[in-house]
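**Q** What follows is a predicted protein model with its sequence.
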Amino acid sequence: MHRALPVAIRKGNNAMHVSTSPKFRENAHDALLDQSLQRALGRLKTGFKDKRSAAIAALPEFEALRDKAVEIKNHTLENLDHYLTAFEANVKANGGHVHWCKDSEEACQTILKICRDKDAKSVLKGKSMISEEIGLNAFLEKQDLQVVETDLGEYIIQLRHEPPSHIIAPAIHVHKEQVADSFRATHKGRDPNRVLDEPRDLLDEAREVMREHFFAADIGITGANFLIAETGTSVIVTNEGNGDLTQTLSRVHIAVASLEKVVPTLEDASTILRVLARSATGQEMSSYTTFSTGPRRAEDLDGPQEYHVVLLDNGRSNMLGTDFQDMLRCIRCAACMNHCPVYGAVGGHAYGWVYPGPMGSVLTPSLIGINQSGHLPNASTFCGKCEEVCPMRIPLPKMMRHWREREFEKHLGASSVRYGLKGWAFMASRPRLYRAATGLAARLLRILGGGRGALRSLPFAGGWTQIRDLPVPEGKTFKQLWEEQQKNKSRQDGGPK
Amino acid sequence: MTSPIPPVRPRVGLFVTCLVDMFRPTVGFSAVKLLEDAGCIVDMPMDQTCCGQPAFNSGDRDSAKKVARPLIAMFAGYDYVVAPSGSCAGMISKHFPELFADEPAILADVKALSAKTHELVSFLTDIMQVKTLNVQFDGTVTYHDSCSGLRELGVKQQPRALLQTVSGLAIREMKEPETCCGFGGTFCVKYPEISGKMVGDKTADIAATGATTLLAGDLGCLMNMAGKLRREGSDIEVRHVAEILAGMTDHAPGIAGRDPEGK
């Protein structure tokens, strides 16, 4: 029997494609005060990070594999048109369809048309960040289609009407108690006194609810971790098996993928798979790695009647040949955000758009514009940890710096910072003036600090003293003392022996 | 990594860094002593100001070039350029070639400067082959790996190797010595709340070691951590690693530390 969909899902709204990135500072402020979020973020340190280290320590050829993976992607990006055309030809040869979409609107309309053609009522979804990027759920729901997320994390945030806060662990900000609350509120007709204390209880209940949806689904939409040109195959990696059910039980399988997901061969996909799961969750392989090649054939026991690939550009082709091309190597493992101290402090929602953390701070300005997302590449200490752990060796700090340059060229930053930098450069390129000014400043700060050694507050230095004391200078500058020392030396050297 | 054999008495141009110059001359003199003890002839060109990193990382390449350019000629006559900072040494050795990539006329000179620029402690161990130091420091220290030195220049074991030869000194490692302290140059004043969370996590990690002295190789990070420790009322002493290695801890109280004479 097909039970009616939970009310929360029917009314689910997904406002993810509306960016709150311009409010990053306020978002971060709220996130830092959110005790529940802070507790959840604390788990990052012992989860993904330790598991990744252990997995990599156990694979001596990991660095060589990284080099190989980078080489594959660089080669593909240099010949992207060729491999995409080959991919399309092979999908078609297998009886599937490829839809080239330049932006979110086109992608959503294309998917809607497929749904309408099949007279579909319900849509099942495997986890897909591209569908978040194009705002697919909200779009389909407006057209009176029922959309159900089947990845447990995605399902949880769908019930909570939230966007994901992490690209591979979308509900990482949610505690199990909060999940139990959502389930009790949504899954009507169940024993109100049932036990939902442990993750296992929650998983079992989600499975039961989900199973009914799987059998009734018209359309199954998944993302794709890879598109393989030589075979016309789309690949997903999951740990729950929901992706397999989504795409094999539905009448129609639609894989939504951005165009840089293509790799030339099966062998290439295998190479990158070896660095993907290790970098992401510390697994050698994800529990499920699923290759989908075309619709069900006459001799197949199962599979969808139709197979579609929606190939999304949405600004990516504009990145080719620019300072930001290397970003298209990204395989969405999330190692950068798992290790980022800024992400660890504020979580994913603060970034205000689909992709959080260092990869988002580079990608988001490319996709929605730097004028909408100027905070993101600025909110980094350039500690370099993201680049250190990135399996695809993407120079993330360098590209964030390039965004800061674009911002500066366009006069987008605060004018106080702009004039401050110009004033500082004026001084620092006039050595005598600079020596006099720093000598004076050092003395003044020393006097203000007295014997205390540090200042608790200082006009125009609130950004510093809001958090920490300002250590005061020793008194004289090094150059003053050095000059005195050199004079003494030459006096001694020149004096009577 | 193989290192070129240095001249018997290499001429070293000290790039003292703008922060050491203004806030902590003791670090500069510690560097001079360590370099001279290692057999170097040390000079400090008076017209140096800054490496240009604040502008470079703020996206203002013109200002960065304006400040960085004079260094190319200023340090041309030295065998090596040494800075008591991984961040500034990294700027010159790793980022100058990128900054001046569009000026082919001077690029060769820039690359020559980059190639001979080193962070102080790794220069002592890797180039000058300093193995032991004849100094005393009675105390337990913990060492923070500043990001640029660690990830751009590979400074990790070098300071620990030299600290282990200081008699009376014990090292207690933090749980996460490689995690950023939240300084990040202008980041710490642009996003003070996030920076505050990061440096708060760092000071908790420092305190948990039980060490009485915190060391690092970069004054920016040190001022951030010292200022936070001071704000929290901690009495952990904070010093640049060069001060311990040179045996010059009696020259100044710790960073942000009270003047014992109350001056």
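**A** Looks like it came in fine.
**Q** need the strands for the stretch 101-250 of chain A, in chain order.
**A** Taking DSSP state E, counting those that start in this stretch to define them, one finds strands in the stretch 101-250 of chain A at A:122-125, A:146-149, A:219-222, A:226-228, A:233-238.
**Q** For residue B:194, find the nearest of those.
**A** Among those, strand A:146-149 comes nearest to residue B:194, with 30.6 Å by C-beta to C-beta. Glycine gets a C-beta too; all of them are placed from N, C-alpha and C.
**Q** Neighbours of the closest residue to residue A:389 other than its chain neighbours, how many?
**A** Nearest non-adjacent residue to residue A:389, counting by C-beta to C-beta, 6 or more residues apart in numbering or on different chains: residue A:335, 4.4 Å away. Other residues lying near residue A:335 total 30 when counted by other C-beta atoms under 10 Å in any protein chain shown.
**Q** dump the residue contacts of residue A:335.
**A** A:48, A:52, A:279, A:280, A:386, A:389, A:390, A:391 (C-beta atoms under 8 Å, 6 or more residues apart in numbering or on different chains).
**Q** Hmm, the fourth one is touching residue A:333, no?
**A** Yes - counting by C-beta atoms under 8 Å, residue A:280 touches residue A:333, with 4.1 Å between them.
**Q** Name the residues contacting each of the two.
**A** Joint contacts of residue A:280 and residue A:333 (C-beta under 8 Å, 6+ apart) are residue A:168.
**Q** Give the buried residues for stretch B:220-240.
**A** Within stretch B:220-240, the residues that count as buried by 16 or more other C-beta atoms under 10 Å in any protein chain shown are B:220-231, B:236-240.
**Q** Could you list which of these belong to helices?
**A** B:220, B:221, B:222, B:223, B:224, B:225, B:226, B:227, B:228, B:229, B:230, B:231 (DSSP state H).
**Q** Okay, domains of the chain per the record?
**A** In the absence of a named chain, chain A is used. A:7-318, A:432-494 (automatic domain parsing).
**Q** Hmm, no, I was thinking of chain B.
**A** Here the domain parsing of chain B from automatic domain parsing is B:11-126, B:131-251.
**Q** Tabulate those (TSV), appending distance to chain A and mean pLDDT.
**A** Shown next, in TSV, are these (distance: least, C-beta to the nearest C-beta, whole Å; pLDDT from 0 to 100):
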stretch	distance to chain A	mean pLDDT
domain B:11-126	3	98
domain B:131-251	3	98
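**Q** Report how many residues lie close to residue 160.
**A** Because you didn't say which chain, this covers chain A. 19.
**Q** Let me rephrase: I mean chain B.
**A** When neighbours are counted by other C-beta under 10 Å, residue B:160 comes out with 17.
**Q** And the helix or strand harbouring it, what does it pack against?
**A** If you go by DSSP states H and E, residue B:160 is part of helix B:157-163. When contacts are defined as 3 or more C-beta pairs under 8 Å, 6 or more residues apart in numbering or on different chains; DSSP states H and E, helix B:157-163 sits against helix B:120-122, strand B:136-143, strand B:167-171, helix B:241-245.
**Q** Can you read off the pLDDT for residue B:7?
**A** Note on residue B:7: pLDDT of 75.
**Q** Kindly provide the distance from it to chain A.
**A** Distance, residue B:7 to chain A, by C-beta to the nearest C-beta, to the nearest Å: 23 Å.
**Q** show me what contacts residue A:311?
**A** Residue A:311 neighbours (C-beta under 8 Å, 6+ apart): A:84, A:88, A:98, A:99, A:100, A:101, A:227, A:257, A:258, A:259.
**Q** Provide the backbone phi and psi angles at it.
**A** Residue A:311 adopts backbone torsions of phi -100, psi 110, taken as degrees, to the nearest 10.
**Q** For it, which residues count as its bridge partners?
**A** residue A:100, residue A:257 (DSSP bridges).
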